[in-house]
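Asker: Dropping the sequence and predicted coords here.
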Amino acid sequence: MTELERLRGQVQRQPQDFVAWLMLADAQMEAGDIAGAEAALRRGGALRPGHPEALARQGRLRWMQGRHAEAAQALQQAAALAPQHPGIALWLGHALEDAGQAEAAAQAYERAHALLPQEPYIAAQLLNWRRRLCDWRGLEALARQVRAAVAHGQSAVEPFAFLGEDAGADEQLACARLRARALAQAVRPLPPAAPRTGGPPRLGFLSNGFGAHPTGLLTVALFEALHRRGGAALHLFALNRDDGSDIRHRLAAAATLHDVSSLPHQAVATRIREAGIDVLFDLRGWGGGGAPEVLAMRPAPVQVNWLAYPGTSGAPWIDHVLGDAFALPPELEPHYSEHVLRLPRAFQPSDCSREVGQPPPRAACGLPERGDDGRGVVFCCFNNSYKLNPRSTARMFAVLRRVPGSVLWLLSGPGRADERLRAAAAAQQVAPQRLLFMDKLPHAHYLARYRHADLFLDTSPYNAHTTASDALWAGCPVLTVPGRTFASRVAGSLNHHLGLARMNAADDAAFVEQAVQLARDPAALQALRQELARRRDDSGLFDMEGFAGDFLELCGRLVAARG
């Protein structure tokens, strides 16, 4: 008997048991059963109207429904009634974060940590959000606490957030295994499927990014190429609702798209099983919005970790991980729970049908005009703010100090992140006004801005992935420092397969020196951009027809090996 079944029996026997109704709602939310959780909360809430525990779960439910403002309101009410409850403060932080109240979210996480300072999950949440806000107070102490929790076998640290820590692949494996072990205890696998015979291979893809999302942007042209080639039936299982985007329409035209966004995990797994999927690719992994519970039910006989989660799943229900020889070299294999598969090209596809339009004038983008003396060089880094850690920004600021008149163009972050980055620049003798920020824009408009950028300065240890692909496609060279984990080697893989391995610096000092030398030599920088333009067309990095052929060959081997 599962915990969910036990709780259902308990409320039937004792319908006045307030705590049992709340526990049932918790279990149903964990199972992805939103309607069931709503019904349980109605019954429980009627027994004790206005109780903070019921309000907190109401807030969590609204958060899962994407009704973030309502979630924050309910959780604020709960927190006011129970100010010493760290769990309510934690969930309030989640709700405020997604409701766009970034600094209030930080205060909620800080409150939760103050109430329960030794709890690693809360410490990890505070650490992750401070990274997003570029608030580096107490960062080292929090990072030490989180890494120590993993080392001591505490399963409360989320593997995706852990990728941003300066941890080795062995630590990432330990973190993922702990999370997988905890999940396995709460999930019952489906019965074994009868072998499917006949017909082309059926390939399934599970993601919350089938739309105007990095996953959709990376995969849409590949799915179109696979569709043109034939030879396999493509099924996309979308954990996200239809966003009405052009990407979503293209995906639906290239494959059979199943909208499973409103289904409980069990129903999603059953839908995959009923579709007769031979190989299921998890395109989200431990990232937010994914459904590892579905994979844990084993809906497909072969399951593969690919693309969105650049690390090991640590999960016994994932058979393979798909990478390439640069991003996932042989020396990392001992730190992967999966069998490593490699494509002969970069593991990351891209949309090669995009056109890079003309951006507004430099002045309209807030950029300086280029001077005859070489001033006005634009370095850029449009990575998410949580990647802009002290190490990465220190080397960027070192470049700015040595290239007079240059600027650093960044993506505007949440809350007061931009203000904090300018303060960090000033502390390292860089005029704050040399940091310029771009608001988030529709993809085509953002892509066009790269025409004004001279050189992309990457981050470590979590470097540019989709963003690096965007920059290279738009003609902006990427300078990176490949590290010792998958997450730190993706931009390097793109450069390597593009034929521009010299843009992979050996260390931070070499990174700074190379950026400075390119900025001081306009002719060399222009020659680099011209070489990038040539290699974009002939290197194979953006050849989705070739990618489709390699991908189908690999999938054919997986299906044949099972048979």
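Answerer: Right, received. Where do you want to start?

Asker: can you pull the buried residues of stretch 235-250?
Answerer: Of all the residues in stretch 235-250, those buried under the rule 16 or more other C-beta atoms under 10 Å are 235-240, 245, 247-248, 250. (Glycine included, C-beta is placed from N, CA and C.)

Asker: what does it contact?
Answerer: 202-213, 216-217, 220, 223-224, 251, 255-262, 268, 271-272, 275, 277, 284, 289-291 (C-beta atoms under 8 Å, 6 or more residues apart in numbering).

Asker: May I see the PyMOL selection of the buried members of those residues?
Answerer: Buried members of the contacts of stretch 235-250, identified by 16+ other C-beta under 10 Å, are gathered into one PyMOL selection as follows:
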select buried, resi 202+203+204+205+206+207+208+209+210+211+213+216+217+220+223+224+251+255+257+258+259+260+268+271+272+275+277+284+290+291
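
Asker: ok, which stretches of the stretch 151-300 of the chain are strands?
Answerer: Remark: strands assigned in the stretch 151-300 of the chain by DSSP state E, counting those that start in this stretch are 202-207, 233-238, 256-259, 279-282.

Asker: Serialize the ones you listed to TSV and add fields for distance to Gly168.
Answerer: Shown next, in TSV, are the strands of the stretch 151-300 of the chain (distance: least, C-beta to C-beta, whole Å):
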stretch	distance to Gly168
strand 202-207	28
strand 233-238	33
strand 256-259	38
strand 279-282	23
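
Asker: CSV please, covering these and showing mean pLDDT and distance to Ala105.
Answerer: Converted to CSV, the strands of the stretch 151-300 of the chain look like this (pLDDT from 0 to 100; distance: least, C-beta to C-beta, whole Å):
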stretch, mean pLDDT, distance to Ala105
strand 202-207, 98, 26
strand 233-238, 98, 28
strand 256-259, 98, 30
strand 279-282, 98, 28
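
Asker: how many other residues sit next to Arg362?
Answerer: 15 (other C-beta atoms under 10 Å).

Asker: got a list of what it touches?
Answerer: 368-370, 452.

Asker: Just name the lowest-scoring one in the residues you listed, pLDDT-wise.
Answerer: Note: of these, the lowest pLDDT belongs to Arg370, at 86.

Asker: Can you tell me, leaving aside adjacent residues, what's nearest to it?
Answerer: Leaving aside its chain neighbours, Arg370 sits nearest to Gly376 (3.9 Å; criterion: C-beta to C-beta, 6 or more residues apart in numbering).

Asker: what's the spacing between that neighbour and Ala448?
Answerer: Distance, Gly376 to Ala448, using C-beta to C-beta, to the nearest Å: 19 Å.

Asker: for Phe511, same thing?
Answerer: Using C-beta to C-beta, we find Phe511 at a distance of 27 Å from Ala448.

Asker: same deal with Met23?
Answerer: Taking C-beta to C-beta, one finds Met23 at 52 Å from Ala448.

Asker: now swap in Glu333 and tell me
Answerer: Glu333 is 40 Å from Ala448, by C-beta to C-beta.

Asker: any idea where the helices of the stretch 151-300 of the chain begin and end?
Answerer: For the stretch 151-300 of the chain, the helices defined by DSSP state H, counting those that start in this stretch occupy 159-162, 169-184, 214-229, 246-254, 265-274, 292-296.

Asker: now the ones you listed as TSV including distance to Arg6?
Answerer: Shown next, in TSV, are the helices of the stretch 151-300 of the chain (distance: least, C-beta to C-beta, whole Å):
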stretch	distance to Arg6
helix 159-162	29
helix 169-184	18
helix 214-229	37
helix 246-254	40
helix 265-274	16
helix 292-296	18
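
Asker: Can you say which of those helices is nearest to Pro414?
Answerer: For the helices of the stretch 151-300 of the chain, the distance to Pro414 is smallest for helix 159-162, at 15.4 Å, taking C-beta to C-beta.

Asker: what's in contact with that closest one?
Answerer: Residues contacting helix 159-162 (C-beta under 8 Å, 6+ apart): 124-125, 127-128, 146, 150, 171-172, 175-176, 179, 285-288, 309, 311, 314.

Asker: try it again with 7 Å
Answerer: Residues outside helix 159-162 that contact it (C-beta atoms under 7 Å, 6 or more residues apart in numbering) are 124, 128, 172, 175-176, 179, 286-288, 309, 311.

Asker: Compute the inter-axis angle for the longest helix seen in the chain and strand 202-207.
Answerer: Counting residues, the longest helix found in the chain (DSSP state H) is helix 544-562. Angle of helix 544-562 versus strand 202-207, following axes from the mean of the first three to the mean of the last three C-alpha atoms, to 10 degrees, is 110 degrees.

Asker: Work out the gap between helix 544-562 and the centre of the chain.
Answerer: 25 Å (C-alpha atoms, centre = their mean, to the nearest Å).

Asker: That one to helix 214-229, inter-axis angle?
Answerer: 80 degrees.

Asker: Show me what helix 544-562 is packed up against.
Answerer: Packing partners of helix 544-562 (3 or more C-beta pairs under 7 Å, 6 or more residues apart in numbering; DSSP states H and E): helix 214-229, strand 279-282, strand 339-343.

Asker: Pull out the buried positions in that helix.
Answerer: For helix 544-562, using 16+ other C-beta under 10 Å, the buried residues are 544, 547-548, 551-552, 554-555, 558-559.

Asker: from those residues, which is closest to Pro522?
Answerer: For those, the nearest to Pro522 is Met544 (33.6 Å; C-beta to C-beta).

Asker: that older thread, which among the contacts of helix 159-162 count as buried?
Answerer: With burial judged by 16+ other C-beta under 10 Å, the buried subset of these is 124, 128, 172, 175-176, 179, 286-287, 309, 311.

Asker: Please name whichever of those scores lowest on pLDDT.
Answerer: Gly287 (87).

Asker: Looks like that residue contacts Gly311 (just checking).
Answerer: No: contact criterion C-beta atoms under 7 Å: Gly287 and Gly311 do not qualify, at 10.2 Å.

Asker: who's in contact with the helix or strand bottoming out on mean pLDDT in the chain?
Answerer: Lowest by mean pLDDT, DSSP states H and E among the helices and strands of the chain is helix 3-13, with a mean of 89. By C-beta under 7 Å, 6+ apart, the list of residues contacting helix 3-13 from outside reads 17, 20-21, 23-24, 27-28, 31, 186.

Asker: try 6 Å
Answerer: Residues outside helix 3-13 that contact it (C-beta atoms under 6 Å, 6 or more residues apart in numbering): 20-21, 23-24, 27.

Asker: out of these, who has the most neighbours?
Answerer: Ranking the contacts of helix 3-13 using other C-beta under 10 Å puts Trp21 first, with 27 neighbours.

Asker: for the helix or strand it falls within, packing partners?
Answerer: For Trp21, the element it lies in under DSSP states H and E is helix 18-30. Helices and strands touching helix 18-30, by 3 or more C-beta pairs under 6 Å, 6 or more residues apart in numbering; DSSP states H and E, are helix 3-13, helix 34-47, helix 52-64.

Asker: right, so those helices: which one is the most enclosed?
Answerer: Counting by mean count of other C-beta atoms under 10 Å, helix 52-64 has the highest mean neighbour count of those, with a mean of 22.

Asker: okay, it in CSV with CA atoms only?
Answerer: Provided in CSV are the C-alpha atoms of helix 52-64 (Å, rounded to 0.1, in the frame of the first residue of the first chain):
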residue,chain,number,x,y,z
PRO,A,52,-2.2,28.5,8.9
GLU,A,53,-1.3,25.0,7.8
ALA,A,54,-4.4,24.9,5.5
LEU,A,55,-3.6,28.3,4.2
ALA,A,56,0.0,27.3,3.5
ARG,A,57,-1.1,24.3,1.5
GLN,A,58,-3.6,26.5,-0.4
GLY,A,59,-0.8,28.7,-1.3
ARG,A,60,1.4,25.8,-2.4
LEU,A,61,-1.5,24.5,-4.6
ARG,A,62,-2.0,27.9,-6.2
TRP,A,63,1.7,28.1,-6.9
MET,A,64,1.6,24.7,-8.6
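
Asker: any weak-confidence spans in the protein?
Answerer: Within the chain, the segments meeting pLDDT under 70 span 1, 372-374, 563.

Asker: Could you list the domains of it?
Answerer: 3-141, 202-352+544-562, 363-538 (automatic domain parsing).
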